[in-house]
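Q: with the input below, show me the fold.
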Amino acid sequence: MYTGSILEGDSNLSEARKKWAAAANDPETKATLTSDATHFLHQALSTPCLDVLEECEGIYIINQQGKKYMDFHGNAVHQVGYRNPFVIEKVKEQLDIMPFSPRRFTNVKSIELARKLTSLLPSPLNRVLFAPGGTSAISMALKLARLVTGKFKTVSYWDSFHGASMDAISAGGEREFRAGLGPLIPGCERIPPPNSYRGSFSGISNDLVYAEYLEYVVEKEGDIGAFIAEPIRNTDVQVPSKAYWKRIREICDKNNIVLIFDEIPTAFGRTGKMFAFENFGIQPDIICLGKGLGGGIMPLAAIVANESYNRFGDVSLGHFTHEKSPLAAVAALAMIEFIESHQLLEKTNQKGEWMKKRLHAMKEKYPLIGDIRGVGLLWGVELVTDPGAKTKANKQAEAVLYDCLQNGMSFKISQGNTLQLAPPLIITEEQLAEAMNILEKAISKVS
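A: Numbering: from 1, shown residues only. Predicted coordinates for the structure are as follows:
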């Protein structure tokens, strides 16, 4: 059985996690955590759990004893905050009318959502399919790309995450999700992701070399039908250049490759744009959406595809029981309306600039911080013990995490040493300043 280090998130099996669990002296919490461990199958990243939640509201998750954590992770569903009153009210209204719509029938709310999504995206991204979760959206996109090109091979990044189903982990690049499972779906190739700080190509700062590597693989491998990637990597926050994505788009066009953007964690304002790809001046052939699409209330995902791909009516690409959920559609429509009516894109950019300045000021003060990366309200703080050698400060990252948790701030660690900071877009300037004070105090203790 594989027992290596967890890369997608912070380890739940480390000594630091054990100490955190041992320090929990509330009998009710201990009993509930024991019950969780008794009834659920254990898996990496989530067993044992950190704490027991009782409530959530705004930017906060709240445990059984009433302790509040400012949530800078939120599984990327909390763009408009937890228990958003506007979204809740719309969902309650729909519950009294029609909470479920069976397959072979349609409903107005699902059509309205499809229309709204395509209105937000550039043409020819005009065709929509819904799914109950992001992994299913990835699956539909991969199937559609095969039908469009007649080619079954895909390219993705090493260390990428696109979901946990068999086809998604085959296309993804994280070892922890594939370990021990034997042969996966064939035809899945991987290339190094562009990395501005510790790249695969030593001494090269221009990320175009990573784009050229895709062309190299296409030429050597042949029959590549799809390239799937996050336009901005969510977990450890890698932001490629515009030149990089322009070159990728050219390579895909030249070789009849479907460009699939996985925006499941980054869409709907996270980067200061409605969709992250808008930061780069290109567009995909298929975009996958999810997580925050359901307003932090309903599970919902989608693909939006090129109009010309609407020619496979004899194939069931999705066919999910909750494919056209009116309840989920209402939640999504309310989420988008809230973003637009409260000017959250503009506010995210303003807060993102403030956060950038504050984090870079910390970097100047603490050598432990090797790199700061981000845009909007998505930031990565990479910790190193030796700035010259860029040695990963994994233990220090964990120490910072648990100190912040103790003081009411939650986030995720990625790649062992990168603090991923992604607060709700509704966070106030005062709350953001409080969180950065907590973070800086924790970093100062281990620097």
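Q: so what's residue 190 bridging to?
A: As for beta bridges, residue 190 partners with residue 156 under DSSP bridges.
Q: against residue 239, how distant is it?
A: Using CB to CB, to the nearest Å, residue 190 is found at 20 Å from residue 239. (C-beta placed from N, C-alpha, C; glycine too.)
Q: neighbour count winner among the two?
A: Counted by other CB atoms under 10 Å, residue 190 and residue 239 do not tie: residue 239 has more neighbours, with 20 against 16.
Q: my read: that one touches residue 373, true?
A: Yes: if you go by CB atoms under 8 Å, residue 239 and residue 373 touch, sitting 5.9 Å apart.
Q: any common contacting residues for these two?
A: Contact criterion CB atoms under 8 Å, 6 or more residues apart in numbering; residues shared by residue 239 and residue 373: residue 196.
Q: now residue 130: which helix or strand?
A: strand 125-131 (DSSP states H and E).
Q: next, the buried residues of the lowest-mean-pLDDT helix or strand in the chain.
A: Taking mean pLDDT, DSSP states H and E as the measure, helix 175-178 is the helix or strand of the chain with the lowest mean score, a mean of 81. Buried residues in helix 175-178, counting neighbours by 16 or more other CB atoms under 10 Å, are found at 175, 176, 177.
Q: what lines up beside the strand holding residue 130 in the sheet?
A: According to DSSP bridges, strand 125-131 forms sheet pairs with strand 301-306 (antiparallel).
Q: how far off centre is the strand it pairs with?
A: Centroid separation between strand 301-306 and its chain, computed with CA atoms, centre = their mean, to the nearest Å, is 16 Å.
Q: still on that earlier bit, which among the buried residues of helix 175-178 gets closest to residue 154?
A: Nearest to residue 154 among the buried residues of helix 175-178 is residue 177, at 15.8 Å by CB to CB.
Q: which residue, other than its chain neighbours, is closest to that closest one?
A: residue 169 (4.4 Å; CB to CB, 6 or more residues apart in numbering).
Q: distance from the chain centre to the helix or strand where that neighbour lies, please.
A: Element membership for residue 169, per DSSP H and E: helix 166-171. Distance of helix 166-171 from the chain centroid (CA atoms, centre = their mean) equals 16 Å.
Q: repeat for stretch 323-342
A: With CA atoms, centre = their mean, you get 19 Å for stretch 323-342.
Q: what's the average pLDDT for it?
A: Averaged over stretch 323-342, pLDDT sits at 98.
Q: the least confident helix or strand of the chain - contacts with which helices or strands?
A: Where contact means 3 or more CB pairs under 8 Å, 6 or more residues apart in numbering; DSSP states H and E, helix 175-178 is packed against helix 166-171.
Q: using CSV, list the CA coordinates for the helix it packs on.
A: Output in CSV follows, covering the C-alpha atoms of helix 166-171 (Å, rounded to 0.1, in the frame of the first residue of the first chain):
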residue,chain,number,x,y,z
MET,A,166,-11.4,6.3,-12.6
ASP,A,167,-11.4,8.3,-15.8
ALA,A,168,-10.6,11.5,-13.9
ILE,A,169,-7.6,10.0,-12.0
SER,A,170,-6.4,8.5,-15.3
ALA,A,171,-6.3,12.0,-16.9
